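1. for reference, the sequence and a predicted model appear below.
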Amino acid sequence: QVRLVESGGGLVHPGGSLTLSCGPRGVFFSINDMAWYRQAPGKQRELVAAITSGGTANYLESVKGRFTISRDHIQNTVYLKMSGLKPEDTAVYFCKGDFIVATIIGNMPLEEWGQGTQVTVSS
């Protein structure tokens, strides 16, 4: 069984910075793509940034140039460095990992989500 654990959320003033981190706990064979999503009150969850196992990243248009996604392949941890934060970035941020896990019938894909971490941008 594997799960994702996030940290790094909090309250920050507009223009400030935060870095979120997310790592797995448990047993797995490998991780393919990892991503950060966010969900603001009353809105649908949206993809903020994603990164492949090879390091290719893509971003939500509104965060380009302000957010950077990266991953540590040794720790299997994904980070989201956020700068130039705006009030509209306020949301619960979730990480997602596409795992390969070993089962009795062979290796199988498994999508796992973190529990979410609150980011609030306010003066």
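-> That came through, no problem. Numbers count the residues shown, from 1 in each chain.

2. you'd agree Leu18 is up against Ser7?
-> No: applying CB atoms under 8 Å as the test, Leu18 and Ser7 come out as separate, 10.7 Å apart. Backbone N, C-alpha and C define where each C-beta goes, glycine included.

3. and those two? Which one has more around it.
-> More crowded of Leu18 and Ser7, by other CB atoms under 10 Å: Leu18, with 21 against 12.

4. ok, that one - contacts?
-> Counting by CB atoms under 8 Å, 6 or more residues apart in numbering, Leu18 touches Gly8, Gly9, Gly10, Val12, Met82, Leu85, Val119.

5. give me the contact list for the top strand by length along the chain.
-> For the chain, the longest strand by residue count, based on DSSP state E, is strand 91-103. With CB under 8 Å, 6+ apart as the test, strand 91-103 has contacts from 2, 4, 6, 9, 20, 22, 24, 27-40, 43, 45, 48, 78, 80, 107-119.
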